[in-house]
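Asker: This is a predicted model, with the sequence first.
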Amino acid sequence: MAVAAQVASRDSQVYVLEKKKTFGQEISSRHSGIIHSGIYYPEGSLKAKLCVSGNRILYQMCQRYSIGYRRLGKLIVATSNEEAGELEELLERGNRNGAQGLKMLSRQEMKELEPNVEGASAILSPSTGVIDSHALMKHFITRATGSGAQIAYLTEVVGVEKVADGYQVTVKDSEGEFSFITRVLINCAGLDSDGVAELAGIDIDNAGYRLHYCKGEYFSVSGGKNRLVNRLILPVPPSKVTGVGIHVTLDLDNRMRLGPSIHYVDSIDYTVSNEHKQLFYDSVKSFLPFIEYDDLEPEMAGIRPKLQGPGEDVRDFVIRDEGDKGFPGLINLIGIESPGLTAAPAIAEYVAGLVRELLPDRG
Ligand SMILES: Cc1cc2nc3c(=O)[nH]c(=O)nc-3n(C[C@H](O)[C@H](O)[C@H](O)COP(=O)(O)OP(=O)(O)OC[C@H]3O[C@@H](n4cnc5c(N)ncnc54)[C@H](O)[C@@H]3O)c2cc1C
């Protein structure tokens, strides 16, 4: 939706094809809702660059268009001396990435901010916050349609064929199948983005585009414990940055939850297993000692579209025109996992730049 809003602002012939009956039924409504600051990602990666600029743009948009947000700030807490060393590396990486205002805190400084959190030291990230992602999506849709984009719901892309002047796209809706031709096809299909690339004829194994689904579960925290912290509290992330580690989030209504966990799965299933409660409790009890086992209740789950399989090195977003693979005008966005929400407006600008290169005569 961010891409449609950005591209439609210079070229009104934009059609958004969405297989569900409305927007935001897949990844974009099953996440932590955090505006990340850009600490974690490898230097120079699209994840780092687009997260840092997305963070800045999102806050401006929230203020300008009254989209709900809370600039809460976050602490990344080290619970041992070994983790304290890892925090130093993380701080340096965050600074190199351009994350704003990071500060290392001693145990005492951390305790002044968060008396109920335990740890040896912490990084304070003041530019981390939470956002009303539903309102953000609605804003993008209003902008896209206001600039002439058309959105077709219940319309699934089932075929893509390269033709002389672009792509013949076949879609299925309630009436059956029909096709049309477009000069540029932007594949933002989230959990299906590898499948859409494959429909177009890309060998997704050769290209390294096959997605691995990675489930993240959340547990709500009751018992008034949300009053015991003032900001988001995260552990030092596990190695290889598969995720940022099970952490505490607060939403716009100050509801507290823990998550997301990390389990690679074969299919899309949003149930949350109560059997994982112990794992959640064990993951946070060292730095959030006030949380008790019985405070936790299964809440919801999301699925990450990961390019790296279990144990593999972290992969960057794929956002590119596939001209060098023989598919000019096919722009793939694959592996748009976290920080994809934060990065959305920056991803949109990046994609609009690719479209400008492909269609210099437009806009
Ligand atoms: C557990 C979890 C926690 C996260 N936490 C954060 C966070 O705190 N901060 C952050 O910045 N990011 C976070 N993210 C990442 C962020 O949520 C995603 O990067 C972002 O929502 C992806 O948006 P998208 O538009 O690419 O995918 P989606 O929202 O899934 O949109 C893709 C759309 O394509 C449609 N579609 C698919 N195939 C077809 C087809 N063939 N034809 C037509 N339509 C099709 C789908 O129905 C869907 O609506 C998190 C993700 C997860 C899973």
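Answerer: Noted; the coordinates are in hand. Numbers count the residues shown, from 1 in each chain.
Asker: List the residues that contact the closest residue to residue 315 other than its chain neighbours.
Answerer: With Cβ to Cβ, 6 or more residues apart in numbering as the criterion, residue 315 has its nearest non-adjacent residue at 3.8 Å, and that residue is residue 307. No exception for glycine: its C-beta is placed from N, CA and C like everyone else's. Neighbouring residues of residue 307 by Cβ atoms under 8 Å, 6 or more residues apart in numbering: 208, 209, 211, 212, 315, 316, 318, 334, 335.
Asker: Just the buried ones from those residues?
Answerer: Buried residues within the contacts of residue 307, counting neighbours by 16 or more other Cβ atoms under 10 Å: 209, 211, 212, 315, 316, 318, 334, 335.
Asker: just to revisit the earlier point, so which of the contacts of residue 307 reach the ligand?
Answerer: Counting by Cβ under 6 Å from any ligand atom, nothing from the contacts of residue 307 sits close to the ligand.
Asker: mind listing which of those are in helices?
Answerer: Assignment to helices by DSSP state H places none of those there.
Asker: export those to a markdown table and tack on pLDDT?
Answerer: Below are the contacts of residue 307 laid out as a markdown table (pLDDT from 0 to 100):
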| residue | pLDDT |
| --- | --- |
| 208 | 98 |
| 209 | 98 |
| 211 | 98 |
| 212 | 98 |
| 315 | 97 |
| 316 | 98 |
| 318 | 98 |
| 334 | 98 |
| 335 | 98 |
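Asker: for the residues you listed, which one is nearest residue 15?
Answerer: Residue 15 lies nearest to residue 334 out of these, by Cβ to Cβ, at 20.5 Å.
Asker: Wait, the closest one touches residue 318, no?
Answerer: Yes. If you go by Cβ atoms under 8 Å, residue 334 and residue 318 touch, sitting 4.1 Å apart.
Asker: overlap in contacts of those two?
Answerer: By Cβ under 8 Å, 6+ apart, residue 334 and residue 318 have these common neighbours: 209, 307.
Asker: rewinding a little: what's the most distant pair in the buried ones among the contacts of residue 307?
Answerer: 212 and 316 (14.9 Å).
Asker: so how far is residue 160 from the nearest residue to residue 94 once chain neighbours are set aside?
Answerer: Leaving aside its sequence neighbours, residue 94 sits nearest to residue 39 (Cβ to Cβ, 6+ apart; 3.5 Å). In this view, residue 39 and residue 160 are 37 Å apart by Cβ to Cβ, to the nearest Å.
Asker: Quick check: residues of the protein near the ligand?
Answerer: Residues of the chain that fall close to the ligand, judged by Cβ under 6 Å from any ligand atom: 17-20, 25-28, 30-34, 36, 156-157, 188-192, 196, 216, 260, 302-304, 336-342.
Asker: mind listing the helices for the stretch 51-200 of the chain?
Answerer: For the stretch 51-200 of the chain, applying DSSP state H, counting those that start in this stretch gives helices covering 81-97, 107-113, 133-146, 193-199.
Asker: which secondary structure elements does the second one contact?
Answerer: Under the contact definition 3 or more Cβ pairs under 8 Å, 6 or more residues apart in numbering; DSSP states H and E, helix 107-113 sits against strand 74-78, strand 121-125.
Asker: Mean neighbour count, the ones you listed: which tops it?
Answerer: For the helices and strands packed on helix 107-113, the largest average neighbour count (mean count of other Cβ atoms under 10 Å) is found in strand 74-78, namely a mean of 27.
Asker: Mind giving me the packing neighbours of that one?
Answerer: Counting contacts by 3+ Cβ pairs under 8 Å, 6+ apart, strand 74-78 is packed against helix 81-97, helix 107-113, strand 121-125, strand 232-235.
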